[in-house]
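>>> Next come a sequence and a model predicted from it.
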Amino acid sequence: MKKPSPTTALTCALALSAALALTACSGPGPATNATPDGPATISILDWFSGDIDHEATQKVFDRCADAAGVKLDRQSIDGANLVQRVLQQASTKTLPDILMIDHTDVPQIAAMGALRPLTDADISSEGYADGVVSSGMYQNKLYGLIPNTATLSLFVNNALLKEAGVTAPKTWDELKSTAAALTHDGQYGLGFSAVADFQATWQFLPFFWTNGADETDITSPEAVEALQLLTDLLKAGSVSNSVLNWTSGDVREQFVAGKAAMIVDGPWDIPVVKSEAPDLDWSIVLIPTKNASDTSVAPLGGEAWTLPATSADPAHQAKAGEVLKCFLGDDSQISMGVARATIPGKTTLKDEYLKQMPDMATFAQQVANARSRTAKLGVDWPKTATALYQAEQLALTGQMDPADALKSEAANLG
Amino acid sequence: MADGIAVSVPASRPALTRPHRRIRDTWSKSLFLLPAILFVIAFFAYPVIKNLVMGFQSYTTASFYTGESPFIGLANYARVISQPLFLKALANTLLFTAGSLLGQFVIGMGLALFFHRHFPLSNLLRSLLLLPWLLPLMVSSTSWKLILDKDSGVINQILESTGLAGVSWLTSPSVALTAVVIVNIWIGIPFNVAILYGGLQDIPEDLYEAASLDGATGIRAFAHVTWPLLRPVVTVLLVLGVVYTLKVVDIIIGLTSGGPANATQTIATWSYQTSFISFNFGEGAALSNILIIISLVFALLYLRVSRRGVDE
């Protein structure tokens, strides 16, 4: 082989470096109008990568895209990677035209200045549950809405309850006695997730809020009482200490296997339990309250849809708004709610929805009172949420009593 | 490519003066280095420097979009170090690293010596031993989480069937770190066996023959022949092991998420959670910078040791 001439070598080296630099720097750019005259392409990013969720939402998106005369470029990625992807896109100004985020992240993303208020696209929060509206607000502007909500209730195994001669608990005292009666031979009365992440916080909140505690002061006597309840249940042996490492999926499997007679769980698991244990005799009741007269308050869950301020073209922005408005429409909320076993965000649709999904009555009732986790603390919520699950772990492992656990975690909030 | 070495400048080309040509040669040679340099800058230098700088900034989610991230001096470091969790996480990091290395090395060494004396099917068994290495870490940690479950895990089922009490492997603050270390040892054994086995293969057989003539067999042969000759390999293995183990996140997150009550929280997992769960990127970067400094000490040690290996 002949040695390349210096000039060839130089060109070659430069070309190589340039190629490398290009591949290193060029990412997928923002999807804008495909052709100057053709239909606009609206880009969408969400975490509905599972079959049921993806299909149900895709159907609605297809219908809405047809109505608006646009094409769609939709990406559905794994939930665990969504926030990282959004941050990356935010820093390169390549956010999609329509973005789904967990509603607890709305304040974070809105605080960036990356979102347009939904009211700009003529989308109103009228008719939505209070929790939905407050979770979508940041500095008095509406940035996100949840078409289909979820919350937590108590799943009870009717057969095991009947066998033990007890009925579903309504108060904390009943919860303790029922759980104790249901505990024997490797079977536990109650199951919930207390794993060291936000799932534990999410499952602790029904007890915390129902008792009148508030996230702005996690050391209040009401907060201590709520944590004391769970600690007592564990100490009494009615709850396995495995809950310290169970995700909500693990808890559901305990219920399906008949090893946990009652569990804290949400509507998305109804289809799973039905398909895994078609013969199981079970029902759903409200989370018990301390006194029979208290109102059961559970946290609101669900994915919020937002409009990032990416495209500078008003016509393109309008098209994106039109698609989202249709996606959040009444028909869409009901059809997706039926397919995904989640409750329409608009409380005004409750009756029509329950006609098709009578199983969801308890959840629909719980959603009406459900509370948004970020309404009061906004961008500071993740810190407090961490403090709450850390305190729960300290108390349930017996390292500190509930009052000290909450106090020491509150001290870290600084 | 053998003839590529023959240097021939096309005769038709007007000859350049010698010094001139040498400069151009050096230039074009260094240009060929450019891709490698760009690669290192883009994928190693930039992230590390960015991370170092981020440790001194108030870096939140908004910083990603606005690009505004004010410098706040040492505030991030002050905040993470003043938390009670810092000493605990640091202690956990050291215990996790030391425990994992000790277990991986001792068991790895035993297995390497075992496989060194060839026997029927030894090659097959040795390849099977690599399995834990081939599994994705998420798969390993999820499987181990099931195996170690207090109520329905296989290990407790076995313990209970023999009349012993089950152990709260992952849910008792006093046991969880040990359990996590055991899993990490299991994951690290194949790497240790592979490297040590290779080291053993390099020791000439005749040394053992000579030693046995002098009466050194068994343990004495190990102490006087195997160990001294294996020592450079061992040092490199342990230093690499430290660097790999310090930064473990996925196994711990998969097994316990750092719980129960921070019993398995290390600097690495805490940094991950601070950055990507609590969105406090400045403090997360400060924590990972502390980890980088600890790793750097061992990396320098590694460079020194490996250079000495070459010199010898």
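Perfect, I can see it now.

>>> Which part of the stretch 51-200 of chain A gets nearest to chain B, residue-wise?
Using Cβ to the nearest Cβ, the closest approach of the stretch 51-200 of chain A to chain B is made by A:A196 at 2.9 Å. Where you see a C-beta, it was placed from the backbone N, CA and C, and this is true even at glycine.

>>> Just give me the neighbour total for B:G163.
Applying other Cβ atoms under 10 Å in any protein chain shown, we find 6 residues neighbouring B:G163.

>>> ok, now A:P288?
24.

>>> ok, longest helix in chain B?
helix B:84-116 (DSSP state H).

>>> Residue numbers of the stretch 101-250 of chain B in contact with chain A?
Residues of the stretch 101-250 of chain B lying near chain A by Cβ under 8 Å from any Cβ of the partner chain: B:K145, B:D149, B:K150, B:D151, B:S152, B:S168, B:L170, B:T171, B:S172, B:P173.

>>> which element follows the longest helix of chain B toward the C-terminus?
Downstream of helix B:84-116, the next assigned helix or strand under DSSP states H and E is helix B:122-128.

>>> pull the CA atoms of that following helix into PDB?
Taking Å, rounded to 0.1, in the frame of the first residue of the first chain, the C-alpha atoms of helix B:122-128 are listed here in PDB:
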ATOM      1  CA  SER B 122     -13.700 -28.000  33.900                       C
ATOM      2  CA  ASN B 123     -13.900 -25.800  30.900                       C
ATOM      3  CA  LEU B 124     -17.700 -26.100  30.700                       C
ATOM      4  CA  LEU B 125     -18.100 -25.300  34.400                       C
ATOM      5  CA  ARG B 126     -15.700 -22.300  34.100                       C
ATOM      6  CA  SER B 127     -17.800 -20.900  31.300                       C
ATOM      7  CA  LEU B 128     -21.000 -21.400  33.300                       C
END
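
>>> just so I have it, where are all the strands in the stretch 101-250 of chain A?
For the stretch 101-250 of chain A, the strands defined by DSSP state E, counting those that start in this stretch occupy A:115-116, A:137-138, A:141-142, A:148-150, A:153-157, A:188-191.

>>> would a markdown table of those with distance to A:K235 be doable?
What follows is the strands of the stretch 101-250 of chain A, written out as a markdown table (distance: least, Cβ to Cβ, whole Å):
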| stretch | distance to A:K235 |
| --- | --- |
| strand A:115-116 | 46 |
| strand A:137-138 | 40 |
| strand A:141-142 | 45 |
| strand A:148-150 | 31 |
| strand A:153-157 | 20 |
| strand A:188-191 | 13 |
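
>>> Now tabulate these in a markdown table and tack on mean pLDDT.
Formatted as a markdown table, those follow (pLDDT from 0 to 100):
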| stretch | mean pLDDT |
| --- | --- |
| strand A:115-116 | 94 |
| strand A:137-138 | 93 |
| strand A:141-142 | 96 |
| strand A:148-150 | 94 |
| strand A:153-157 | 96 |
| strand A:188-191 | 96 |
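
>>> Which of the residues in the longest helix of chain B are classified as buried?
The neighbour-count check on helix B:84-116 (16 or more other Cβ atoms under 10 Å in any protein chain shown) flags B:85-86, B:88-90, B:92-93, B:95-97, B:99-101, B:103-105, B:107-109, B:111-112, B:115 as buried.

>>> now that helix, how far from the centre of its chain.
How far helix B:84-116 lies from its chain's middle: 11 Å, per Cα atoms, centre = their mean, to the nearest Å.

>>> Kindly report the residues of the stretch 251-400 of chain A close to chain B.
Counting by Cβ under 8 Å from any Cβ, the stretch 251-400 of chain A sits next to chain B at A:254, A:257, A:259, A:379, A:382-383, A:386, A:390, A:393-394, A:396-397, A:399.

>>> State the three-state secondary structure for the residue nearest the centre of chain B.
In chain B, the centroid-proximal residue (Cα atoms, centre = their mean) is B:Y244; its distance is 1.2 Å. What DSSP: H, G, I helix; E, B strand; the rest coil gives for B:Y244 is helix.

>>> Most neighbours among the residues of the stretch 251-400 of chain A next to chain B, please name it.
A:Q393 (28 neighbours).

>>> quick one on the thing from earlier: which secondary structure elements does the longest helix of chain B contact?
helix A:402-413, helix B:122-128, helix B:176-201, helix B:227-246, helix B:267-276 (3 or more Cβ pairs under 8 Å, 6 or more residues apart in numbering or on different chains; DSSP states H and E).

>>> Make CSV out of the residues of the stretch 251-400 of chain A next to chain B and add pLDDT and secondary structure.
What follows is these, written out as CSV (pLDDT from 0 to 100; DSSP: H, G, I helix; E, B strand; the rest coil):
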residue, pLDDT, secondary structure
A:Q254, 95, helix
A:A257, 94, coil
A:K259, 94, coil
A:V379, 87, helix
A:P382, 90, helix
A:K383, 91, helix
A:T386, 93, helix
A:Q390, 95, helix
A:Q393, 96, helix
A:L394, 96, helix
A:L396, 96, helix
A:T397, 95, coil
A:Q399, 93, coil
